[in-house]
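Peer 1: Dropping a prediction and its sequence here:
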Amino acid sequence: MLEIKDFSKSYKSQKVLQISDLQIPAGIYWFVGANGSGKSTFFRSVAGMLPFEGHLKFEGIDSSSNTYRFKINYSEAEPQYPDFLSGQEILAYIAEVKKAKSGQLQKLVDQFGVGGFWKQNIGTYSSGMLKKIALISGFLGDPSLIILDEPFILIDHATVDLLYTLIVEYAAQGKSFFLSSHQDLAPEMLTIDGVFKVVNNTVTKL
């Protein structure tokens, strides 16, 4: 369970997100809201990537703990990596940091079909190729919560189908998912445990 209390995030004294009290049990959840509504800010804060005011706990572990960060993975909507690095170098580093089991990275590389280009520098990638690298990063290690920001944009139909399959597979292993979209529509191919609307600087369960 994710527990949020007195959460507030501001940029240059402009408050962009505020949540007084919210608890989200384990499961698959869909977050909808217009571009700029605060979905990515919320996700990045939950993932421990942004400073904020207030309190976050996941499975009883405070967000200030290093253990907390091992439990949560985040895949960005439109990732930005250094052009001079290869996808292989980036994913190998993330796999090491996340203490991924032997063979997990190669299995994901094969499933997403990035083996033909992942040794090339990021600067040569298309947006779809880059998105696949980001999606793979979300599954590395043994997280309890996998956050996929706008996961179904920039990828082909085959990868969409694969992503649905992986979400169902990992959820069956007890993993939770936060998924987002700027469209007010949850994916029909997934059983969703709840939908949240991000609007007016807050997160509300529908």
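Peer 2: That came in fine, so what should we check first?

Peer 1: pLDDT weak spots in this protein?
Peer 2: Counting by pLDDT under 70, the ranges of the chain that qualify are 183-187.

Peer 1: how does it look with 90?
Peer 2: For the chain, the stretches with pLDDT under 90 are 11-15, 33-37, 66, 78, 181-191, 200, 206.

Peer 1: in it, which helix has the most residues?
Peer 2: helix 157-172 (DSSP state H).

Peer 1: for the chain, what spans make up the strands?
Peer 2: Remark: strands assigned in the chain by DSSP state E are 2-11, 14-24, 28-32, 53-58, 61-62, 72-75, 145-148, 176-181, 194-199, 202-205.

Peer 1: Now distance to A47 too, for the ones you listed, in a markdown table please.
Peer 2: (C-beta placed from N, C-alpha, C; glycine too.) Below are these laid out as a markdown table (distance: least, CB to CB, whole Å):
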| stretch | distance to A47 |
| --- | --- |
| strand 2-11 | 11 |
| strand 14-24 | 14 |
| strand 28-32 | 13 |
| strand 53-58 | 10 |
| strand 61-62 | 14 |
| strand 72-75 | 4 |
| strand 145-148 | 6 |
| strand 176-181 | 9 |
| strand 194-199 | 15 |
| strand 202-205 | 15 |
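
Peer 1: Tabulate these (a markdown table), appending mean neighbour count and distance to L135.
Peer 2: Putting the strands of the chain into a markdown table (neighbours: other CB atoms under 10 Å; distance: least, CB to CB, whole Å) gives the following:
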| stretch | mean neighbour count | distance to L135 |
| --- | --- | --- |
| strand 2-11 | 16 | 22 |
| strand 14-24 | 14 | 22 |
| strand 28-32 | 21 | 16 |
| strand 53-58 | 17 | 21 |
| strand 61-62 | 14 | 25 |
| strand 72-75 | 22 | 5 |
| strand 145-148 | 23 | 7 |
| strand 176-181 | 23 | 12 |
| strand 194-199 | 17 | 21 |
| strand 202-205 | 16 | 23 |
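
Peer 1: now for these, which one comes closest to I167?
Peer 2: strand 176-181 (5.8 Å; CB to CB).

Peer 1: Now do the closest one: everything it contacts.
Peer 2: Among residues not part of strand 176-181, those counted as contacts by CB atoms under 8 Å, 6 or more residues apart in numbering are 26-33, 39-40, 43, 46, 77, 144-152, 167, 170-171, 187.

Peer 1: redo that, cut-off 6 Å
Peer 2: Applying CB atoms under 6 Å, 6 or more residues apart in numbering, the contact partners of strand 176-181 are 26-32, 39, 145-151, 167.

Peer 1: I appreciate the help and will end here.
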